[in-house]
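**Q** here's a sequence, model it:
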Amino acid sequence: MAEGKEKNLLKWLAYGPRKQAISYTGFIINGQRFHVKDIEKSTQNSGVSIDATTMCRSSTKDISQVAGVVSYYGVLKEIILLDYYTVQIPIFKCHWANVPNGVRVEYGLTLVNLHQSQSQFVKDQSYVREKTSAEFKAKSEKFRKIRTKQLPHTCSRKGYARLTEELVNNSGSKEAPSRVDVWTKAHKKKNGQPVNSEVAEAFNTYLRAFGRGVTRSKLAIVSERDDHMIQIKDQCNDLKDRMSHMEQLIQSLLKNQNEPVQSGEQSNAHVPSSPVSVRDNIYGQKCKILDWTGSGDIIADGHFISSDPQDEVHHVPLGPNAMKVGIDFARKPNAFLWRPTSNICHMEDAIGSIIAWPSEKVRMN
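**A** Here you go, the predicted structure:
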């Protein structure tokens, strides 16, 4: 009799349920009343748990699996009643907690965090949809064909940047190796042989670092360009050093001019306006401007204006042992001024203007 009922039940289950199903917000099963989470009552039973037998591993690296009983915890989201004509079966749709991270036991109580690591599940679903789309497969196939045309290198995880640094250290020179040298080194084995036949063919037909059709004239132009860039860098470093030295001299000069008189004896001391040889100079008298850094070269032609320490040049007192001169012609346009300003730094900028210059570096005609 019992076997007949089981066969009859299996027959109706095989037919499938009705196309219409009933949804409930509450349901009583096994003497327990359940409510879905959306009801949000002050007293409700929307939590569910189940002990299931599953395959377990101690970690992601563990390849040996064992069967064990795992307790799963969740919250009831939806209740659907399926009608198989002779029997009705309720189905609970639940929001399950992440067991490794969202469930823990403290002081004999099981604590469940339903929000722990749940966002990752949503990301995984979108990730799977993206990676299985037709657009992604077409893009993947495109890049796969591109990778098949690439020539293998021996840099491994070192990369071209550290390979370049290694070549500089081994050569003992400060000059950086060319792109050709770096590319050639990266596509050779330790014994100096090419990685494969395709790389060997590339060495014989074209240089991959510069593209197809490279010639000796192109290489010469590139080499000359690199040498020119090195020269420009050296000149820039030299100019930086000179500017730093000039700033130090200017700061030292301004410090000496701004030092207060410390004693009455010093305050009564006579400050000469200029050397005896230039006291009797006439306004407008022609003069030669010498390089103030000590080279002795004549860098400009000008005319004498004053040697009074109280006269101002660009709103700065002239001070002792200095002369106020006008610049008529610059023989060395790039020569630095003794007292530069924000607008006038080189001798060519001072043509037609008035500047201050050390008295000992002015030669009267």
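
**Q** spatially central residue in the chain, please.
**A** Centroid check for the chain by Cα atoms, centre = their mean gives residue 161 as the closest residue, at 15.3 Å.

**Q** so that one sits in a helix?
**A** Yes - under DSSP: H, G, I helix; E, B strand; the rest coil, residue 161 falls within a helix.

**Q** quick one: low-confidence ranges for this protein?
**A** 1-2, 42, 59-60, 116-127, 203-223, 256-281 (pLDDT under 70).

**Q** and it, what are its domain boundaries?
**A** 2-53+67-116, 159-214, 215-256, 277-364 (automatic domain parsing).

**Q** distance to residue 128 added to those, as CSV?
**A** For every residue, glycine as well, the C-beta is placed using N, CA and C. Converted to CSV, these look like this (distance: least, Cβ to Cβ, whole Å):
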stretch, distance to residue 128
domain 2-53+67-116, 18
domain 159-214, 32
domain 215-256, 48
domain 277-364, 63
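
**Q** tell me which of those sits most buried.
**A** Burial of these is given as mean neighbour count (mean count of other Cβ atoms under 10 Å); domain 277-364 ranks first at a mean of 16.

**Q** so how far is it off the chain centroid?
**A** Here the centre of domain 277-364 is set off from its chain's centre by 48 Å, with Cα atoms, centre = their mean, to the nearest Å.

**Q** for stretch 108-115, same thing?
**A** With Cα atoms, centre = their mean, you get 42 Å for stretch 108-115.

**Q** between the two ends of it, what distance do you get?
**A** 22 Å (Cα to Cα, to the nearest Å).

**Q** where exactly do the strands run in the stretch 101-250 of the chain?
**A** 103-106, 109-112 (DSSP state E, counting those that start in this stretch).

**Q** and those: which comes nearest residue 177?
**A** strand 103-106 (57.8 Å; Cβ to Cβ).

**Q** tell me the first helix or strand C-terminal of the strand ranked longest in the chain.
**A** When the chain is parsed with DSSP state E, its longest strand is strand 66-83. Downstream of strand 66-83, the next assigned helix or strand under DSSP states H and E is strand 88-96.

**Q** ok, that following strand: who's next to it in the sheet?
**A** Strand 88-96 has the following strand partners under DSSP bridges: strand 66-83 (antiparallel).

**Q** ok now the strand it pairs with, how far from the chain's centre?
**A** Distance of strand 66-83 from the chain centroid (Cα atoms, centre = their mean) equals 48 Å.

**Q** regarding residue 53, what is its secondary structure?
**A** strand.

**Q** surely it touches residue 66?
**A** No - counting by Cβ atoms under 8 Å, residue 53 does not reach residue 66; the two are 11.0 Å apart.

**Q** rewinding a little: can you list the strands of the stretch 101-250 of the chain in TSV and add distance to residue 72?
**A** Putting the strands of the stretch 101-250 of the chain into TSV (distance: least, Cβ to Cβ, whole Å) gives the following:
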stretch	distance to residue 72
strand 103-106	9
strand 109-112	10
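
**Q** tell me which of the ones you listed sits nearest to residue 304.
**A** It's strand 103-106; of the strands of the stretch 101-250 of the chain, that one is closest to residue 304 (Cβ to Cβ) at 92.4 Å.

**Q** in PDB, list the C-alpha atoms belonging to the closest one.
**A** Provided in PDB are the C-alpha atoms of strand 103-106 (Å, rounded to 0.1, in the frame of the first residue of the first chain):
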ATOM      1  CA  VAL A 103      29.200  33.300  10.900                       C
ATOM      2  CA  ARG A 104      31.000  33.000  14.200                       C
ATOM      3  CA  VAL A 105      30.300  31.500  17.700                       C
ATOM      4  CA  GLU A 106      31.000  33.600  20.800                       C
END
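
**Q** what's it packed up against?
**A** Other helices and strands packing on strand 103-106, by 3 or more Cβ pairs under 8 Å, 6 or more residues apart in numbering; DSSP states H and E, are strand 109-112.

**Q** nearest to residue 142, of the domains of the chain?
**A** Comparing these by Cβ to Cβ, domain 159-214 comes nearest, at 20.8 Å.

**Q** chain center to that closest one, what's the gap?
**A** On Cα atoms, centre = their mean, the centre of domain 159-214 falls 27 Å from that of its chain.

**Q** pull the longest helix from this protein.
**A** Under DSSP state H, the helix in the chain containing the largest number of residues is helix 216-257.

**Q** which element, helix or strand, includes residue 7?
**A** helix 2-15.

**Q** give me the angle between that helix and strand 66-83.
**A** Counting by axes from the mean of the first three to the mean of the last three Cα atoms, to 10 degrees, helix 2-15 points 80 degrees away from the direction of strand 66-83.

**Q** by contact count, what packs against the helix or strand following helix 2-15?
**A** Downstream of helix 2-15, the first helix or strand assigned by DSSP H and E is strand 22-24. Under the contact definition 3+ Cβ pairs under 8 Å, 6+ apart, strand 22-24 sits against strand 66-83.

**Q** at 10 Å instead, please
**A** strand 66-83, strand 88-96 (3 or more Cβ pairs under 10 Å, 6 or more residues apart in numbering; DSSP states H and E).

**Q** adding distance to residue 3, write those strands out as TSV.
**A** Below are the helices and strands packed on strand 22-24 laid out as TSV (distance: least, Cβ to Cβ, whole Å):
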stretch	distance to residue 3
strand 66-83	24
strand 88-96	21
